[in-house]
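Trainee: Provide a 3D model corresponding to the input given below.
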Amino acid sequence: MQSKPDQSVDQPPVPARQSTKRSRVGNEIQRRGFVTLLAGALGTLAKPTAQAANPFGKLTGRQRSGGSVYKSRAMEDYQRSLSQFGGRLASPLSELTHSCARQVPWQFDVLIVGSGYGASTVAARLAQRRLPGTRIAILERGREWVPGTFPDRVSGLLDESRLNLFGPRRGTVDKATGLFDVRQCDEITVLSGSGLGGTSLINANVAIRPDAEVFLPQAWPMALRHREILDPYYSRAEYELGVSQEPYDHSPKMIASRVAGQHLSRCGAQWQPASITVTRTGSCPANALPIVNRQGMLQRGCIDCGDCLMGCNVGAKNSLVMNYLPLAKRSGAELYTGVEVQFVRKVQFGYEVHCLFHTQLPDGQIQSQAGCLTSRMVVLGAGSLGSTEILMRSGCHGLSLSPRLGCNWTGNGDALGFVRKSQIPTGIAGHSAYPAERYPVGPTIQTNLTFPNRPPAERLLIQEGAAPRAYTAALGVLMRNPRLDQTLVLLGMGHDGAEGRIELNEHGNAEVLWPGLLDSPYRQMIRAEFSRVAQALGGQYEFLRVFGDRMVSVHPLGGCGMADDVARGVVNDGGQVFDPITGGLHAGLYVIDGAILPTSLACNPLLTITALAERSSDKIVNDPQLSDLFFAAQSS
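Mentor: Residues are numbered from 1 along each chain as shown. Model prediction:
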């Protein structure tokens, strides 16, 4: 007989913040508590005294890591796909600064900073249209991750954090080329990926077109206030990324989400399977041969392991290393990793790009050396925080920029919650690239729950989530549900007002300031909706104070917002940077990534960022002033 949800453990309302100092002290205590709890949980798992006395015994294996047939296949497929380039996309750093006989005073014609959705798209399209002799390169701070080598335990997650997360050195760079870029600010924690492929390496793969009303506010440039302008570019992006809809009722958590949607339909909720960028090859992916995708990369079918957020060790995830980046490579673009851009200086012929070159030594330590590259054009695609901090540092070195730089930052309304004691089985415990004789966990996200009949500002998107293998044990402890079969992760998005502001901290890194965010009506609204989803499943909603009571965003947007003029934004509708001194534009300087979004989208932004980059690429190659670099392209 199923027990009724225990209402006695409902979380109390969030108290008003007393002061920034007090908040920081409280958050630090909560973070330390989480580390202690996590260590205790993992200690219990690693050293069980007896199977009968250890309720987490069946999860013990998740603390070990090793090889598997899935990992081996993924590594072999990747290397075979890129055999003509030595098995890798990235070239050795030694080739970056080698002398090249040119008739111009710059080393590169185009330097693209970053390798996320905006940067990779631009690199591919410009490379496809480059004239002979045009030199294009991608500079990526992180390293190249071969599928099959991603971390799959909690120690690997902590080892791959770029910044120190705790203690007196919090916020300083601990591992320059780490995979996880975690920024802990007072009101919000921001997570993004750092590696060749950017956040596509560790995201949940959801590709969705925003509501048409998103583009109507005056914050958007006139040229983009109707979504149909972007629709052809959305279609182009969906084709290149291999977007497909998830099979109906494919996993327990998908069924649980559908049941919740049915209960909430009387409130105007609509449920549907999500469209994601994951490859499926048939009913038995364990034995299936690899497919060759449209960019010539070998890929395996998804095994429904639930580990998308830690990196796909199977080779099924359509991250950018499976599409736009190999397209750029085969079209003649150069790709380099371990290059961290600090700032850009404008010079007579173009731009100096000042960098740190990171080299990993045999003992695993990172050796960093300062250097400078020159280019006629520079495209910043380092993400919302990355591109904004580069421009801010560039402003300190004489680059004239809009006073709106750093303004109107948004976390896209991202919120994280949990359902406890769901009466509908959920089965969210990921197992990574290891055989599992049980129900499919599924990709991290498989469904969308929306409220399309509400006023645009009040619309929300709620998605279910899986727990990657690396922290299933810890989450099982926190949820008092070792097998995570009655727990559901909830991921919400909406319109948070975009009132955040980016500033450089004492270490020269971007930091988000947003007084009042934690007490905002939006936060209260999204938590109320999470609670309704939990009730629809016969469970209870819970948020975890161990996260420091912050908001958590995996979709940082803004900081270099688009606008029609320099008084209202940092770049124009094509991403070209405004010059407030001349009243015009900086020739050859662009930002093309999530930083240019002027508002939240209330949905996963990868498809919109890619579509905007497709459009900007067309504008660049069709610019008459650049006709000596590119063949003109047909606009969509």
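
Trainee: isn't Thr426 right next to Asn481, touching?
Mentor: No - here Thr426 does not reach Asn481: they are 9.1 Å apart, not a contact under C-beta atoms under 8 Å. To be clear about C-beta, it is placed using only N, CA and C from the backbone, and glycine gets the same treatment.

Trainee: Those two: who's more crowded?
Mentor: The residue with more neighbours, out of Thr426 and Asn481, is Thr426; 27 against 19, by other C-beta atoms under 10 Å.

Trainee: pLDDT score for the more buried one?
Mentor: As predicted, Thr426 sits at a pLDDT of 98.

Trainee: so what's it up against?
Mentor: 252-253, 256, 419, 464, 484-488 (C-beta atoms under 8 Å, 6 or more residues apart in numbering).

Trainee: Pick the one among these closest to His397.
Mentor: Nearest to His397 out of the contacts of Thr426 is Glu464 (C-beta to C-beta; 46.0 Å).

Trainee: That closest one bridge partners, please.
Mentor: With DSSP bridges as the criterion, Glu464 is bridged to Leu490.

Trainee: Now list whatever residues contact both of Thr426 and Asn481.
Mentor: Taking C-beta under 8 Å, 6+ apart as the contact rule, Thr426 and Asn481 both touch Thr487.

Trainee: I figured Gly156 hits Ala470, correct?
Mentor: Yes - counting by C-beta under 8 Å, Ala470 is a contact partner of Gly156 at 6.6 Å.

Trainee: CA-only coordinates of stretch 217-237 in CSV, if you can.
Mentor: Extracted C-alpha coordinates of stretch 217-237, given in CSV (Å, rounded to 0.1, in the frame of the first residue of the first chain):
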residue,chain,number,x,y,z
PRO,A,217,9.9,43.8,-26.4
GLN,A,218,11.7,46.9,-27.4
ALA,A,219,14.9,45.5,-25.8
TRP,A,220,15.3,43.6,-29.1
PRO,A,221,16.6,45.3,-32.3
MET,A,222,13.9,46.2,-34.8
ALA,A,223,15.3,43.7,-37.3
LEU,A,224,14.6,40.7,-34.9
ARG,A,225,11.3,41.6,-33.4
HIS,A,226,9.4,38.9,-35.4
ARG,A,227,10.5,35.3,-34.9
GLU,A,228,9.7,34.4,-38.4
ILE,A,229,12.9,36.3,-39.4
LEU,A,230,14.9,33.7,-37.5
ASP,A,231,12.8,30.6,-38.5
PRO,A,232,14.9,29.7,-41.6
TYR,A,233,18.0,29.9,-39.4
TYR,A,234,16.3,27.7,-36.7
SER,A,235,15.7,25.1,-39.4
ARG,A,236,19.3,25.3,-40.6
ALA,A,237,20.5,24.8,-37.0
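
Trainee: For it, list every residue counted as buried.
Mentor: The neighbour-count check on stretch 217-237 (16 or more other C-beta atoms under 10 Å) flags 219-221, 227, 230, 233-234, 236-237 as buried.

Trainee: try stretch 282-299
Mentor: By neighbour count with 16+ other C-beta under 10 Å, stretch 282-299 contains the buried residues 285, 290, 293, 295, 297-299.

Trainee: Neighbours of the nearest residue to Ala466 once chain neighbours are set aside, how many?
Mentor: Leaving aside its sequence neighbours, Ala466 sits nearest to Gly306 (C-beta to C-beta, 6 or more residues apart in numbering; 3.6 Å). For Gly306, the neighbour count with other C-beta under 10 Å is 28.

Trainee: Going by residue numbers, what spans are strands in the stretch 201-350 of the chain?
Mentor: Per DSSP state E, counting those that start in this stretch, the stretch 201-350 of the chain carries strands over the ranges 244-245, 270-273, 275-276, 291-292, 298-299, 334-337, 339-347, 350-360.

Trainee: Could you export the ones you listed to CSV, including columns for mean pLDDT and distance to Glu389?
Mentor: Formatted as CSV, the strands of the stretch 201-350 of the chain follow (pLDDT from 0 to 100; distance: least, C-beta to C-beta, whole Å):
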stretch, mean pLDDT, distance to Glu389
strand 244-245, 97, 36
strand 270-273, 98, 37
strand 275-276, 98, 30
strand 291-292, 94, 39
strand 298-299, 97, 34
strand 334-337, 98, 19
strand 339-347, 98, 9
strand 350-360, 96, 13
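
Trainee: Val512 is nearest to which of those?
Mentor: When the strands of the stretch 201-350 of the chain are compared by C-beta to C-beta, strand 339-347 sits nearest Val512, at 20.1 Å.
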